[in-house]
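Visitor: Can you look at this prediction? I've put the sequence above it.
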2 protein chains.
Amino acid sequence: MAAAGGGRRCRRLEGEAARAVLGAAEALLFDCDGVLWRGEAAVAGAAEALGRLAAAGKRLCYVTNNSSRTRGAYTEKLRRLGFPPAEPRHVFGSAYCAARYLRQALPPGAAAYVLGSAALGAELEAAGVPHLGPGPAALPGPAPADWARAPLDPAVRAVLVGFDEHFSYAKLCQALRYLQRGGGAGCLLVGTNRDHRLPLEGGAAIPGTGCLVKAVETAAEREAFIVGKPNRYMFDCVVSEFNIDPARTIMVGDRLDTDILMGNNCGLTTLLTLTGVTTLEEVQGHQESDCPARQSLVPDYYVDSIADLLPALGD
Amino acid sequence: MAAAGGGRRCRRLEGEAARAVLGAAEALLFDCDGVLWRGEAAVAGAAEALGRLAAAGKRLCYVTNNSSRTRGAYTEKLRRLGFPPAEPRHVFGSAYCAARYLRQALPPGAAAYVLGSAALGAELEAAGVPHLGPGPAALPGPAPADWARAPLDPAVRAVLVGFDEHFSYAKLCQALRYLQRGGGAGCLLVGTNRDHRLPLEGGAAIPGTGCLVKAVETAAEREAFIVGKPNRYMFDCVVSEFNIDPARTIMVGDRLDTDILMGNNCGLTTLLTLTGVTTLEEVQGHQESDCPARQSLVPDYYVDSIADLLPALGD
């Protein structure tokens, strides 16, 4: 693709360049949905490509904004779909990373009020962070004065917002009350990610965690700390656990505003795959723009599918 | 109060100036909560002040962002708290104004999907706008694919977001699906107001409609049309029904970012009362700022309470 000025230029990764780029890499970070699989179907050839990368001694890690699954659920899904064996410690989901963040940021014994799934609760449990909140909640009475009088857990020092199919006004109310305690300074606000929508097969989409984070931020009148992509916290987690070198790491993803932006911001080589939500036209639009914010969404390379890496990976 | 430069300057409305300003006014628009009453208690002297204004032949209208009450409920509350008699047509609540907007904007027979109260439904009913949505809603199955397959009403051509204590992920999901139909062009997105919080007595607060509007806007990736203050649509409704002259109209309110901003934007004389959510220090901060956006939040006048107008209104 032609670049307008001196900005980033996205090239198809193939042939000699593919062999050179992959050969120099020590680690690859993979987004999952839209890259390795779509729903319950593996992307054709993806498992074989990852198998060859693993056989070549590359470190493979999985980085996902999805907060509805535990690390264990991801390794199980990788196994089920035929990907090379992975351990839970290779999976950096936003549920795990949020739990890790809170374990470090909260004083001992402090708890989190969670708008999120049972999986998010499980990762907090595994990290030793006390929590309450997952599951449905009802308003504690008919009138606003009742809502503002419901019991609060004195141990809560953080509100954590992830994907929550039980999100409700009742929970929003309770979140605001925790966030207002002690003038607001005594309670952290953390979000797993800002994705606006979650795409489903067939073009449908459902609202993403970003909608819920925005609702809580608007009530609290402050900004959440976001652990997921494009923020670098998720990458920092990988670095601190595996000591990888950004200059020898490739970020592989299907979303420009999360996967590619994080990779570019962290100094990684970025590779877009077109099996997910992004078209080449979108890349071209950003590439031809003079706007630095849009330039930062342009990946270094693209492939139609990560199966296209197979020829560069030998047998 | 001293002004930094040539910007708007807020003065206490008293003595000769109060007689002159009130004498020249033909109409007064009153915000309600924090101005005329707090919760169920009338502001002391407020009813008497309005009684004298009415006796002096002033047109009195009531403009409120609250979407949880009908026009009739407001006239009943005014009566109950001893205010001069008002008819429903003098009350411009965001529920009524939203219904009026949709009656004009929607083609005949088109319906609205409503995230809001029974009162919002009642105003739509009164305006002849078919609607569905008020009340609790559950997700139509355990999996995202189920959520994206729930039946949609083919008549829906607008999503209307007001205060909704039954707001839930299920409703957010359904709203997004309506907003995506026909590429999004076939469905309006309307919000009653953007208030972040609703203050309760004793310093507590609950999340306001603005939180819910933000959640829907984030999912839909577009901005809602807002009928309530500070947008001028609510004032335009008053003008079109009573033909009042902005230059001879006073907007009386307790919030700078809704009441006073709308009044200033519409060329009204603006009067802040300190019985609600605003302190004089906040006004001073805006007044001393060089920022045009902050200057537009400075009222022309302030009073501690609208009862302070009594001396200027004779007996």
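Guide: Here it is on my side, so go on.

Visitor: contacts and neighbour counts: CA atoms only from here.
Guide: Will do.

Visitor: Where does the stretch 1-150 of chain A get nearest to chain B, residue-wise?
Guide: Proximity of the stretch 1-150 of chain A to chain B (Cα to the nearest Cα) peaks at A:A148, 6.6 Å away.

Visitor: How about residues contacting stretch A:33-48?
Guide: Stretch A:33-48 is contacted by residues A:30, A:81-84, A:200-201, A:252-254, A:273, A:275-277, A:305-307, A:310 when judged by Cα atoms under 8 Å, 6 or more residues apart in numbering or on different chains.

Visitor: roughly how far apart are the residue positioned nearest the centre of chain A and A:I244?
Guide: Centroid-nearest residue in chain A: A:N65, 2.0 Å away (criterion: Cα atoms, centre = their mean). Separation of A:N65 from A:I244 (Cα to Cα, to the nearest Å): 20 Å.

Visitor: Same check on A:G135?
Guide: For A:G135 relative to A:I244 (Cα to Cα), the value is 37 Å.

Visitor: Repeat that for A:R103.
Guide: Noted for A:R103: a distance of 23 Å to A:I244, by Cα to Cα.

Visitor: quick one: A:V298 is in a strand?
Guide: No: checked against DSSP: H, G, I helix; E, B strand; the rest coil, A:V298 lies outside a strand; its state is coil.

Visitor: Pull the contacting residues for it.
Guide: So A:V298 contacts A:R8, A:R9, A:C10, A:L256, A:I260, A:L261, A:V283, A:H286, A:Q287 (Cα under 8 Å, 6+ apart).

Visitor: again, only using 6 Å
Guide: A:V283 (Cα atoms under 6 Å, 6 or more residues apart in numbering or on different chains).

Visitor: Wait, A:V159 touches A:C187, no?
Guide: No: counting by Cα atoms under 6 Å, A:V159 stays clear of A:C187, with 7.0 Å between them.

Visitor: Which of the two has more residues huddled nearby?
Guide: Between A:V159 and A:C187, A:V159 has the larger neighbour count (other Cα atoms under 10 Å in any protein chain shown), namely 27 against 19.

Visitor: Helix or strand for the more buried one, just tell me which one.
Guide: According to DSSP states H and E, A:V159 maps onto strand A:156-161.

Visitor: Next one: A:G182, what pLDDT does it get?
Guide: Predicted confidence (pLDDT) for A:G182: 73.

Visitor: Each with direction, which strands does the helix or strand where A:I250 lies pair with?
Guide: In this assignment (DSSP H and E), A:I250 forms part of strand A:249-253. Using DSSP bridges, the strands paired with strand A:249-253 are strand A:27-30 (parallel), strand A:269-273 (parallel).

Visitor: pLDDT on the longest one, on average?
Guide: Pointing back at strand A:269-273 there. Here the average pLDDT along strand A:269-273 is 98.

Visitor: between the helix or strand following it and strand A:269-273, how many degrees?
Guide: The helix or strand immediately downstream of strand A:269-273 is helix A:280-287, counting by DSSP H and E. For helix A:280-287 against strand A:269-273, the angle by axes from the mean of the first three to the mean of the last three Cα atoms, to 10 degrees is 150 degrees.

Visitor: Can you give me the buried ones in stretch A:106-126?
Guide: With burial defined by 16 or more other Cα atoms under 10 Å in any protein chain shown, the residues of stretch A:106-126 counted as buried are A:106, A:110-124.
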